[in-house]
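Asks: generate coordinates for the sequence data below:
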Amino acid sequence: MDILQPPPGQIVILGASCRAAAASAAAAGLEVYAADLFGDLDLRAASFRIAEPYPAGLAAAAAGFPPAPWLFTGALENHPDLIAAISHQRFLAGCPPEAIRQVRDPDQLASSVRRIGLAFPDTRRDPHGLPADGSWLVKPLRSAGGRGIRLWRGFAEAARHGGLPECPIWQQRLTGPSWSVAYLLTARGSRLIGLTRQFIGVRWCGAGPFAYSGSVTVALPPAGSARARQLQQLGDQLAEAFGLRGLVGVDLLRDRQDRLHVLEVNPRPTASMELFERSSGRSLIAAHLAACGLPAPSRPRDRDPQRGSWAKAILFSDRLLSIDEAVVTGLRAVAACPPDGWPRLADIPRPPSAIPAGRPVCTLFAHGGTPPAAWRRLRQRTAAVASSLRRAAQPASRRWAGSGSATYCIR
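Replies: Residues are numbered from 1 along each chain as shown. Have a look, this model is predicted:
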């Protein structure tokens, strides 16, 4: 079915969480229509709907929006049939469903990256003969943010933890720093946007063992270096062999022998990409739409770039947390924009609501001259907010008060 391509003065954004993409689109001068799971207060959308049930409810929500182009965020890549169904009704600014199916297939991805000299973890569809000593992982084929991943310690241990995930795969466990590289892919090839160090299972974020906890921007390899050529070749391969388009993220791991292992490809805007917007002051969603064949937005609003390094962390709840107006007031005080114009906190939950233990509460940001400095400042800010949330969850005459870059609970 041929879909008309109206001028991109409007955009529809769908996914589990749309806040970052919606903010980027708004900065590009677009009128945003969005549907996701959370409906956070700082979601910059002219029109918003909660997707119930998720993900099927996204199609119903989109049906009520204007016939504008649409893009998806995580973790909708796990549902290519739904992407195809929505794309029958409106122009998709993003990777086509068949390309998503191929690049999310570990066998096809492994074959492709090995052809260009990169490594891929040994992956099996059946655990027969594998050691049950934690040297392998069992993970859902369709996942995002590390959800559902566990150490493989045999069927009995899996049964004690609720059984196997849906469509499980078994993958050799690798050790080493985790990285994410951001690309802008077109029919002409790839452009490296930036590189982040990823942090998984960070305890001071309250995260589970394999949960994505945050990122910090790091410098790209020097132009012309072997590593830079390797990353460029990987991006070109994804554009040419799979036909991916627009913003795409790739998770990598560097082992002790300095080899890069491709872990997975996220064929859409990723969680770390908003850090590059803070560094450049420019909307990546505007670049994404152009890479997908849409005209550039006519009213971009570039913001002040902040050089150095940006970091973000996701704060998870360590208990059942009730979100009321007092909690929201405290979070907004932390988020208040300093002179650089960038909020220190995002994804503010809507009151009244309850957040179960282990679920994300909000996202925090910090800036520093170097990656370690940004990460240290972020840890301090996150600890202050986590402490205030714990106190606010207890019954007493306690109040939130904002002070500087953190928020403190006054007894």
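
Asks: where exactly do the helices run in the protein?
Replies: Counting by DSSP state H, residue ranges of the helices within the chain are 19-27, 57-63, 80-87, 97-103, 106-115, 155-160, 226-241, 273-280, 284-291, 325-335, 371-392.

Asks: for residue 131, which of these is the nearest?
Replies: Taking Cβ to Cβ as the criterion, residue 131 comes closest to helix 155-160 out of those, the separation being 12.9 Å. Just so you know, the C-beta spots here come from the backbone N, C-alpha and C atoms, and that holds for glycine as well.

Asks: just to revisit the earlier point, winner for burial among the helices of the chain?
Replies: When the helices of the chain are scored by mean count of other Cβ atoms under 10 Å, the highest mean neighbour count falls to helix 19-27 (a mean of 25).

Asks: so how far is it off the chain centroid?
Replies: When distances are taken as Cα atoms, centre = their mean, to the nearest Å, helix 19-27 is centred 13 Å away from the chain's centroid.

Asks: what angle sits between it and helix 273-280?
Replies: Orientation note: helix 19-27 sits at an angle of 40 degrees relative to helix 273-280 (axes from the mean of the first three to the mean of the last three Cα atoms, to 10 degrees).

Asks: got any ranges where this protein has weak pLDDT?
Replies: 1-8, 298-302, 393-411 (pLDDT under 70).

Asks: quick one, domains of this protein?
Replies: In the assignment given by automatic domain parsing, the structural domains of the chain cover 10-100, 101-118+176-267, 123-172, 309-410.

Asks: who touches residue 303 in this structure?
Replies: Residues near residue 303 by Cβ atoms under 8 Å, 6 or more residues apart in numbering: 27, 277, 281, 341-342.

Asks: for residue 236, state which of those residues is nearest.
Replies: residue 277 (23.9 Å).

Asks: which one, of the domains of the chain, ends up nearest to residue 295?
Replies: The closest approach between residue 295 and any of the domains of the chain, judged by Cβ to Cβ, belongs to domain 10-100 at 10.5 Å.

Asks: straight-line length of the closest one, end to end?
Replies: 25 Å (Cα to Cα, to the nearest Å).

Asks: and if you look at stretch 37-55?
Replies: 9 Å.

Asks: identify each buried residue in that stretch, please.
Replies: Along stretch 37-55, the positions that meet the burial threshold by neighbour count (16 or more other Cβ atoms under 10 Å) are 37-45, 48-49, 51, 54-55.

Asks: do stretch 162-176 as well
Replies: Of all the residues in stretch 162-176, those buried under the rule 16+ other Cβ under 10 Å are 164-165, 168-171, 174.

Asks: nearest to residue 102, of the residues you listed?
Replies: The nearest member of these to residue 102, counting by Cβ to Cβ, is residue 169 at 16.0 Å.

Asks: distance of the closest residue to that closest one other than its chain neighbours relative to residue 171?
Replies: Of all residues not flanking residue 169 in the chain, residue 141 sits nearest, at 5.3 Å (Cβ to Cβ, 6 or more residues apart in numbering). To residue 171, residue 141 is 10 Å away according to Cβ to Cβ, to the nearest Å.

Asks: quickly list what's touching both of the two.
Replies: Overlap between the neighbourhoods of residue 141 and residue 171 consists of residue 106, taking contacts as Cβ under 8 Å, 6+ apart.

Asks: any chance of the helices of the chain in TSV, with distance to residue 349 too?
Replies: Compiled in TSV, these are given as follows (distance: least, Cβ to Cβ, whole Å):
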stretch	distance to residue 349
helix 19-27	11
helix 57-63	19
helix 80-87	25
helix 97-103	30
helix 106-115	34
helix 155-160	32
helix 226-241	35
helix 273-280	18
helix 284-291	23
helix 325-335	7
helix 371-392	11
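
Asks: could you export the contacts of residue 303 as a markdown table, including distance to residue 348?
Replies: Listed next are the contacts of residue 303 as a markdown table, based on distance: Cβ to Cβ, whole Å:
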| residue | distance to residue 348 |
| --- | --- |
| 27 | 18 |
| 277 | 19 |
| 281 | 23 |
| 341 | 17 |
| 342 | 15 |
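
Asks: what is the nearest of these to residue 332?
Replies: Out of the contacts of residue 303, the one with the shortest distance to residue 332 is residue 342. That distance is 14.9 Å, counting by Cβ to Cβ.

Asks: could you redo the domains of the chain as CSV and give each row distance to residue 294?
Replies: Rendered in CSV, the data for the domains of the chain read as follows (distance: least, Cβ to Cβ, whole Å):
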stretch, distance to residue 294
domain 10-100, 6
domain 101-118+176-267, 10
domain 123-172, 26
domain 309-410, 26
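
Asks: picking up where we left off before, what's the closest of the helices of the chain to residue 206?
Replies: Distances from residue 206 to each of these were compared using Cβ to Cβ; the shortest belongs to helix 371-392, at 6.9 Å.

Asks: distance from the chain centre to that closest one, please.
Replies: A distance of 20 Å separates the C-alpha centroid of helix 371-392 from that of its chain, computed with Cα atoms, centre = their mean.

Asks: between it and helix 273-280, how big is the angle?
Replies: The directions of helix 371-392 and helix 273-280 differ by 120 degrees, with the same axes, to 10 degrees as the criterion.
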